[in-house]
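J.: My questions are about this predicted structure, shown below with the sequence.
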Amino acid sequence: MQSQDVAPRPAPGSVTDRVVDVEQAEAALVEHYPRLVRLAYLVLPPGLGRGRRVLTAHALVQRALPRGRASAPVIPAQAQAGGRDGDPGYGYVRLQVVRTALEAGLPLGRRAWPKRAQLPPLLPQVRGLRLFPRSGGADELALDQRLATLSGPARAAYVLRGLEKLPDADVREVLSEAGAEDADGALREADAVPARYALLDSPEFDPCSLQARPTDLMRRRRHTKAALAAAAALAVCGALVALPGDGWGPDGAAAPAYARNPAAEAALDPGRLLRVSPVAWKTSARTDFSVWPARGALARDTALLRRALAVWARPGEKVRVSATPDTPSGGPSGPPQLLYAGEVGNARVVILYDGLRIARYAEPKDGTAGAALDFARVDGATGAEAAAIVLDRADGNVRWLTAPWVTEAAERDLTKPGAGLMALPLTDGVTSPLASPATRTGTCTSWNVLQLTDASGSHLLTDLGELVPARLTEGRPTAPKEATGAEALTTWAPYACSLADVRGQGVRTVNAWSYARQPLPDATGSAEWVCTRAETWRGDGTRVLAQFRTPGGLFGAAVAKAGDVPGCGRRDPHVLAGVLWKSEGGHWYLLAAGDSGTRSLRATGGVNGSAPGNLLTVRGQQGAKADLKGTLQDGRSIDGLN
């Protein structure tokens, strides 16, 4: 069986004594099809759009078989490998995939016939659906953007290094065989992109694990009605007029429109956008996005607003669309509310609100190519939950658009409660850049959060890689408090880095609750038990994490977690968790703790013992596993988190 981390190596031998027939190549293609399609997808030019790249990648791999018998080129470093990794069929097919993927990125000549790889694939084809890989996180997005700036050979060099684990000498040989004119230059160009090769294996770049979205449903419905009845066909054909655009300006990166619909037209008319008075929030009883005024220097740019609305309704294939989990990405049902339109960094940004979702449209200053559309669900947001929206991300920093009632903004490191605040100046509600933990990788040593102040007090918000931040609270789940007080900050500090576990999950709030302190055996002090619960905007998908910290420990250790459980929450404010712990004397113990509402605890299985109250300490052995049960003060039983 081939390793999943290192590509199979062609067998040793010379060109003359290594001949690949169709059967060998077909066997290699079938066995390593997902790897080859991923390779083709990564090398293909990003300008094709995600949907066409998926189909083209599959087409290139499926066309990589030789027509008869073909020579497999020898790559020096690979020629030394033998045994079960020797596979000349794979070497031949991979070379064909790289060659045709590079050809697909060549510009069409005026006089020469186009190569087959430069044309849209005849097969495979998918009708009625748009297919594209699952969206990854901010790291994958950043890498995809960097790869898009490389030439085709440089992109191939980076992918062969990272995905195929080839040394530079082998990469140079593959590129030369594939027709690249300057393999050395391609390698030097690829050096400019950080070597984050592990990201190449993420779902973001997997064209075999796809998401599906419908094509133009209005057009398909029209065709169905036409087939059922001539009268319906006449009615639909009468509606075959493009949406009005002359009076509003071009649609930019939006897909073509096929049918006229009065409600849809109203939603796409920039003149009908809802604009709230700049002083409405001062007299309104509401503190949500519905009372945000329209801000930004381009709030009256009709052409920009038209493009944003059109892309929202019909994102083209080249538009990068992302959404928090279970957030609808369809067009607005009526005219949305304008929150912001202006230039931020190197982009023009429009932020809209339809009562359920925040939609952020961004396009480059010099055109509409590379436009992006992001969605976040915000139904029921009020107060601190409706206090900020991501305006821009660049170079690891995030810039926020804050609510009109926010009077001060500041940055603080959640891992250092005594470090104090660093002020963030506000300009028309826009903060200066804040270092974001959302895209950070590697060891966590700090976690910067946003602190906003309004008439009701101060609130802590954290960036988890989405359009709206998550609110941080502290205390018993039935009565959580803002996490800005000294005690709350001390509680959160050792557990701030655990927030990385819920990035990109559509999190609305995260509460930290220090529910027990437990004396440690062998007189080594007391340990702290903390439960963190992340609530999502969609209701399900909650994450509960029990963490354990010994005296002197800088950070807590996650010992149990569960999803979609009521424990440690408002509906069921009880929790029980345990951990095997080794004392300084070298002895192993099962330590377990419930909240103060626990009457007794019991452990069975690999460790047996019981105790009254909410704490349990039992002598155990390394690797032992136990089942925990607790009895609450009201007689109800509770299980330990897994």
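T.: Right, received. Where do you want to start?

J.: sec struct for Ser498, please.
T.: Counting by DSSP: H, G, I helix; E, B strand; the rest coil, the backbone at Ser498 sits in helix.

J.: you'd agree it is up against Arg543?
T.: No: between Ser498 and Arg543 there is no contact under CB atoms under 8 Å: 9.8 Å. Every residue, glycine included, has its C-beta placed from N, CA and C.

J.: Comparing these two, which residue is more hemmed in?
T.: Remark: of Ser498 and Arg543, Ser498 carries more neighbours, 24 against 20, as counted by other CB atoms under 10 Å.

J.: what's near enough to touch that one?
T.: Neighbour list for Ser498: 532, 545, 547, 556, 558 [criterion: CB atoms under 8 Å, 6 or more residues apart in numbering].

J.: Most neighbours among those, please name it.
T.: Busiest of the contacts of Ser498 [other CB under 10 Å] is Thr532, holding 27 neighbours.

J.: ranges for the strands of the stretch 401-550 of the chain?
T.: 408-413, 422-423, 426-427, 430-431, 434-435, 448-454, 457-462, 470-474, 481-482, 507-519, 526-536, 543-549 (DSSP state E, counting those that start in this stretch).

J.: again, but for the stretch 151-300 of the chain
T.: With DSSP E, counting those that start in this stretch, the ranges of strands along the stretch 151-300 of the chain come out as 210-214.

J.: so where's it shaky on pLDDT?
T.: By pLDDT under 70, the weakly predicted segments of the stretch 151-300 of the chain are 212-265.

J.: Which residue ranges of it form helices?
T.: 152-162, 168-177, 183-190, 217-228, 230-237, 262-267, 280-283 (DSSP state H, counting those that start in this stretch).

J.: Excluding chain neighbours, what is closest to Glu474?
T.: Ala488 (3.7 Å; CB to CB, 6 or more residues apart in numbering).

J.: Quick check: the gap between that neighbour and Asp501.
T.: Distance of Ala488 to Asp501, given as CB to CB, to the nearest Å: 20 Å.

J.: which of those two has more neighbours?
T.: Taking neighbours as other CB under 10 Å, Ala488 and Asp501 compare with Ala488 leading, 21 against 13.

J.: so what's the more buried one up against?
T.: Contacts of Ala488 by CB under 8 Å, 6+ apart are 473-475, 481-482, 512.

J.: one more time with 10 Å, if that's ok
T.: Applying CB atoms under 10 Å, 6 or more residues apart in numbering, we find Ala488 in contact with 417, 460, 472-475, 480-482, 512, 514.

J.: Could I have the PyMOL command that selects the buried members from the residues you listed?
T.: Selection of buried members from those for PyMOL, criterion 16 or more other CB atoms under 10 Å:
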select buried, resi 417+460+472+473+474+475+480+482+512+514
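
J.: got the contacts of Ser498 as TSV, with distance to Ala410 columns?
T.: Below are those laid out as TSV (distance: CB to CB, whole Å):
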residue	distance to Ala410
Thr532	23
Leu545	27
Gln547	27
Gly556	25
Ala558	29
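
J.: Now stretch 409-427: buried residues?
T.: Applying a neighbour-count criterion of 16+ other CB under 10 Å, one finds 409-415, 417, 424, 426 buried in stretch 409-427.

J.: for stretch 319-339, same thing?
T.: 319-324, 327, 331-332, 335-339.

J.: And those, which is closest to Pro207?
T.: Nearest to Pro207 among the buried residues of stretch 319-339 is Arg320, at 15.7 Å by CB to CB.

J.: Hmm, that closest one is touching Tyr361, no?
T.: No: Arg320 is beyond contact range of Tyr361, at 11.0 Å (criterion: CB atoms under 10 Å).

J.: Mutual contacts of those two, please.
T.: 253, 371-374.

J.: for the chain, which spans come out with low pLDDT?
T.: Applying pLDDT under 70 to the chain flags the ranges 1-19, 67-86, 107-123, 127-128, 130, 132, 135-137, 212-265.

J.: domain assignment for it?
T.: For the chain, automatic domain parsing gives the domain ranges 19-212, 262-377, 383-573.

J.: Quick check: phi and psi at the nearest residue to Val398 once chain neighbours are set aside.
T.: Leaving aside its chain neighbours, Val398 sits nearest to Ser436 (4.1 Å; criterion: CB to CB, 6+ apart). With angles defined as degrees, to the nearest 10, Ser436 sits at phi -100, psi 140.

J.: contacting residues for Ser436?
T.: Ser436 neighbours (CB under 10 Å, 6+ apart): 138, 390, 393-400, 448-450, 462-465, 469.

J.: hmm, back to that, could you check how far the residue nearest to Glu474 is from Thr473?
T.: Taken as CB to CB, the span from Ala488 to Thr473 is 8 Å.

J.: Understood, closing this out.
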